[in-house]
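In: Sequence first, then the predicted structure, then my questions.
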Amino acid sequence: MEKERHLLVIFPHPDDEAFGVSGTIASHINNGTPVTYACLTLGEMGRNMGNPPFCNRETLPNIRRQELQNAADVLGIKDLRMLGYRDKTVEFEDQEKLISHLGSIIQEVKPSLIISFYPGYSVHPDHDATGAAVVEAVKRLPQNERPKLNLVAFAKNCVDELGKPDIINDVTEVIPTKIAAIKAHRSQTQLTVANMEEKFKQNDPQIIAWLQNERFWTYHIN
Amino acid sequence: MEPVIVEAVQKELDRLSNKEVYIHLETTNGAYATHNDESFFSSGAYIRNAKIRYEQGKITGPNPYRIGLRTEIGWVYAEGITHFEVDEKNRLLLAGHDFQGKLAVALEISETPFN
């Protein structure tokens, strides 16, 4: 993994960083790279409440705020920003305002690398809207100030249309940290994580491959 | 939240009737429903902080339960309700959780606006 000056991660929901990216984040932090994580919403409309439910629609935001902080602590993220948007509404925000909000963070942090979602190939409308605003904000920077964009995509058609991901990070060394980051989002992951951890302990090849490889597409701005 | 106790929910529906209240009403399959199963048509809706007054509210069963609120010129309806709670702000929170425990429907009634 190339050494970066500063990594800026921009995702709409607490736990978006955990599944496909937390190994990369942990590796950069181990490498001495400072990381800023801007998370747009608190995942207020999440469907997982625990089983039996230990949270409800109204207590979920505060629980997820704490889980997000816990995940950031596990990964060693020192600069965590919660931007105050609401889950499921990002695509309905004033696009210009969103671009300039994210643009102002990019200009302040001056990252060498941004990780976000690939617009159009990220399934959840909040993911696509966030990725689109990030790409547009970077486009508006002078060419010599633009950070690299490594984007996450997981729509069914993403490999067919985008080609194979050009970056695959092997995060084997930090798998325990990655599992801890996933577990930090307890309300959302407790149903699946126990099963996943058990398979990992039994050396299930599919789970190991899923945990150790993190895939990104470099977005090229013309 | 705890599993619905019909008498307790009915008492709360009566307490909140005939006054100005705020409603959160939601149904959801989750944003990944079609991604996980292409044959599944995902749909959902929510309204937050609708201000209404209902003259009669009723819960009917068996579990999962249905709730209907008759307003002066219309109705509020939810089905699939399994759990309830009266929270520290005295709001009636009702939700339906599916077989995996995921929220599928929510109906919440409060005398003050939701955050």
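Out: Noted; the coordinates are in hand. Predicted model only: the values in this text are computed from it and were never measured. Numbering: from 1, shown residues only, chains lettered A, B, ... in the order given.
In: and the longest helix for chain B?
Out: Ranked by residue count under DSSP state H, the longest helix found in chain B is helix B:6-15.
In: Quick check: which helices or strands does that one pack against?
Out: strand B:54-60, strand B:65-71, strand B:83-86, strand B:92-97 (3 or more CB pairs under 8 Å, 6 or more residues apart in numbering or on different chains; DSSP states H and E). Quick note: C-beta positions are derived from backbone N, CA and C, even for glycine.
In: Which strands border the first one, and is each parallel or antiparallel?
Out: For strand B:54-60, the paired strands and their directions (DSSP bridges) read strand B:65-71 (antiparallel).
In: hmm, the very next helix or strand once past the strand it pairs with in reach of chain A?
Out: Downstream of strand B:65-71, the next assigned helix or strand under DSSP states H and E is strand B:75-81. No. Strand B:75-81 is not in contact with chain A by CB under 8 Å from any CB of the partner chain; minimum separation 12.7 Å.
In: So for strand B:75-81, what gets flagged as buried?
Out: B:Val76, B:Ala78, B:Gly80, B:Ile81 (16 or more other CB atoms under 10 Å in any protein chain shown).
In: what's the model's confidence in it, averaged?
Out: Strand B:75-81 carries an average pLDDT of 97.
In: How about stretch A:112-129?
Out: Mean predicted lDDT for stretch A:112-129 stands at 97.
In: Check stretch A:87-96 too.
Out: Stretch A:87-96 comes out at a mean pLDDT of 96.
In: now that stretch, how far from the chain's geometric center?
Out: Offset of stretch A:87-96 from its chain centre (CA atoms, centre = their mean, to the nearest Å): 18 Å.
In: Stretch A:8-20 now?
Out: 2 Å.
In: model confidence over it, on average?
Out: On average, stretch A:8-20 scores 97.
In: For chain B, what lies in contact range of chain A?
Out: Counting by CB under 8 Å from any CB, chain B sits next to chain A at B:1, B:24, B:26, B:28, B:30-32, B:35, B:38, B:46, B:83, B:85, B:87, B:91, B:93, B:95, B:97, B:100-104, B:106, B:108, B:114-115.
In: Could you tell me which residues make contact with A:Ala184?
Out: A:Ala18, A:Glu67, A:Asn70, A:Ala71, A:Asp73, A:Val74 (CB atoms under 8 Å, 6 or more residues apart in numbering or on different chains).
In: so what's the closest residue to chain B within chain A closest to, chain neighbours aside?
Out: Closest to chain B within chain A is A:Asn51: 2.9 Å, counting by CB to the nearest CB. Take A:Asn51 and drop its neighbours on the chain: the residue closest to it by CB to CB, 6 or more residues apart in numbering or on different chains is B:Gly101, 2.9 Å away.
In: okay if I get the helices and strands packed on helix B:6-15 as a markdown table plus mean neighbour count?
Out: Below are the helices and strands packed on helix B:6-15 laid out as a markdown table (neighbours: other CB atoms under 10 Å in any protein chain shown):
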| stretch | mean neighbour count |
| --- | --- |
| strand B:54-60 | 16 |
| strand B:65-71 | 19 |
| strand B:83-86 | 19 |
| strand B:92-97 | 24 |
